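Student: starting from these lines, generate the structure:
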Amino acid sequence: MDYKEEFIRIFQEHIHREGAAALLSWMQTTDFFTAPASTRFHGACEGGLVMHSVNVYHVLRDRFFTEGENPESYAICGLLHDLCKANFYKPGFRNVKNEETGVWERVPSYSVADAFPYGHGEKSVYLIERFVRLKPAEAVAIRWHMGGFDDSARGGSFAISEAYRAYPLAVKLHLADLEATYLVERGTSAVNRK
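Tutor: Here you go, the predicted model:
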């Protein structure tokens with residue numbers, strides 16, 4: 001499957017707000033379509049980020065969409081929740097001992113090289129809103145899509161509880177992100193096969 005092609009098709013079919021074309025054009029000047037989704041786990045491979053974004057969209061849409069809801073909101077949240085990872089990772093190599101042969105091997109790796117350390121969900125919201133105005137439910141869903149993995153939640157913030165109570169889309173996006181990450185994308189790391 002060509003994830004970039006599918007991403008663009010879904011984006012153009014469902015996202016029609018003012019600034020959408022400019023956002024998509026800007027994304028194509030970044031490494032969004034070739035970047036990994038993580039340093040070692042799900043999608044730690046070339047194109048992992050776009051694969052993850054498409055997978056989250058499909059889980060979100062297939063499992064949680066209710067008749068009468070806005071398909072554009074689902075496309076925005078599913079496809080763009082991790083926009084913060086564009087121009088975020090640096091490819092490289094590391095040495096790993098092969099357990100079967102005992103020989104050290106050079107394997108691909110990724111490290112974080114964040115030139116704009118603004119947080120995770122909040123950075124995605126910021127980048128999107130440079131081009132497209134988000135609805136409150138979309139902004140909150142993208143901001144809190146990491147759930148308990150978000151640094152603010154781990155630090156003791158109770159805002160996430162209020163966000164989930166007020167905006168069901170935020171809960172749905174978090175669950176879709178978890179399912180895509182831990183079930184759909186299991187074994188998609190070129191760095192760590194576990």
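Student: test my guess that Val59 contacts Ala180.
Tutor: Yes: at 5.1 Å, Val59 counts as touching Ala180 under the criterion of CB atoms under 8 Å. Heads up, the C-betas are built off the backbone N, CA and C, glycines and all.
Student: could you pull out the strands for this structure?
Tutor: Assigned by DSSP state E, the chain shows strands spanning 89-97, 104-112.
Student: dump these into a markdown table; add distance to Phe33, mean pLDDT and mean neighbour count as well.
Tutor: As requested, the strands of the chain are exported to a markdown table (distance: least, CB to CB, whole Å; pLDDT from 0 to 100; neighbours: other CB atoms under 10 Å):
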| stretch | distance to Phe33 | mean pLDDT | mean neighbour count |
| --- | --- | --- | --- |
| strand 89-97 | 13 | 90 | 13 |
| strand 104-112 | 16 | 90 | 14 |
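Student: JSON lines please, covering the ones you listed and showing distance to Val54.
Tutor: Below are the strands of the chain laid out as JSON lines (distance: least, CB to CB, whole Å):
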{"stretch": "strand 89-97", "distance to Val54": "18"}
{"stretch": "strand 104-112", "distance to Val54": "20"}
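Student: and the lowest-mean-pLDDT helix or strand in the chain, what does it pack against?
Tutor: Every helix and strand of the chain was ranked by mean pLDDT, DSSP states H and E. The lowest is helix 151-154, at a mean of 80. Helices and strands touching helix 151-154, by 3 or more CB pairs under 8 Å, 6 or more residues apart in numbering; DSSP states H and E, are helix 159-166.
Student: what residues sit buried inside the helix it packs on?
Tutor: By 16 or more other CB atoms under 10 Å, the buried positions in helix 159-166 come out as Ile160, Ala163, Tyr164.
Student: show me which of those residues is closest to Ala176.
Tutor: The shortest gap between Ala176 and any of the buried residues of helix 159-166 belongs to Tyr164, at 13.8 Å (CB to CB).
Student: who does Pro91 bridge with?
Tutor: Beta bridges link Pro91 to Tyr110 when assigned by DSSP bridges.
Student: report the contact partners of it.
Tutor: By CB atoms under 8 Å, 6 or more residues apart in numbering, Pro91 lies in contact with Pro36, Pro108, Ser109, Tyr110.
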